[in-house]
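Asks: sequence first, then the predicted structure:
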Amino acid sequence: MIGMIRHTETHVFNKGLAQGALIAYVVFMLFAWGGEAIFSTYLNVRFESFQIFGGLIFLVIGYRFVFQGADTIGEMRGTPAHLASTMAMPFMIGPGTISAAVVTGASMSLLESAVLIAFTLFISCGILMIMKYGHDHLRYSHAKYIDRYFDIVGRLSALLIGTIAIDMIATGVIGLLEKY
């Protein structure tokens, strides 16, 4: 998201973010409702396989981000004309969030899941809009510090992404081993 925060006008960013959140909400509700059955019945794959592959994707993203910085992610996103879908995937809808939607749907009623997912997306979008506002208003007066802050926080976040990736892979492998 750092590239989009830096290079997109505020009204375009906010509109794309809201549309992306709506796309993400529909997808999360589908997985909260369908759960693991979507994977096993309709896609004919194991949920654990999804976790392993998702972990590998996160691992690649985290690795590239640590060593190449925020600009590496810009290569993987789509064109600005498709900002909503670009924000939805891979920034909102990913292996970790889909897994969370499946677990949420399994542990709560559909109505509770709907409210929780909507609230989480609302808070996430609000934080991103505040970050965009802060970046736009501080970027000229404190450009050197803002860019350095984004780079440091981005690289630290990449370490967390890598850790989550390894955990997703381990969870998937353990789940497969327990079944067989």
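Replies: Noted; the coordinates are in hand. For clarity, every value in this text was computed on a predicted model and none was experimentally measured.
Asks: ok, and what's touching stretch 29-38?
Replies: Outside stretch 29-38, the residues that touch it by Cβ atoms under 8 Å, 6 or more residues apart in numbering are Tyr42, Phe47, Ile98, Ala101, Val102, Thr104, Gly105, Ala106, Leu110, Ser113, Ala114, Ile117. Every C-beta, even on glycine, is put in place using the N, C-alpha and C of the backbone.
Asks: cool, and stretch 167-179?
Replies: 46-52, 54-56, 58-59, 95-96, 99.
Asks: can you add pLDDT and distance to Lys15 and give the contacts of stretch 29-38 back as TSV?
Replies: Below are the contacts of stretch 29-38 laid out as TSV (pLDDT from 0 to 100; distance: Cβ to Cβ, whole Å):
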residue	pLDDT	distance to Lys15
Tyr42	87	32
Phe47	87	34
Ile98	89	24
Ala101	92	24
Val102	90	29
Thr104	92	27
Gly105	92	29
Ala106	90	33
Leu110	94	29
Ser113	95	26
Ala114	96	23
Ile117	96	21
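Asks: ok, so of those residues, who is nearest Arg148?
Replies: Nearest to Arg148 among those: Ile98, at 33.4 Å, using Cβ to Cβ.
Asks: for the closest one, what are phi and psi?
Replies: When quoted as degrees, to the nearest 10, the phi and psi of Ile98 stand at phi -70, psi -40.
Asks: alright, I will stop here.
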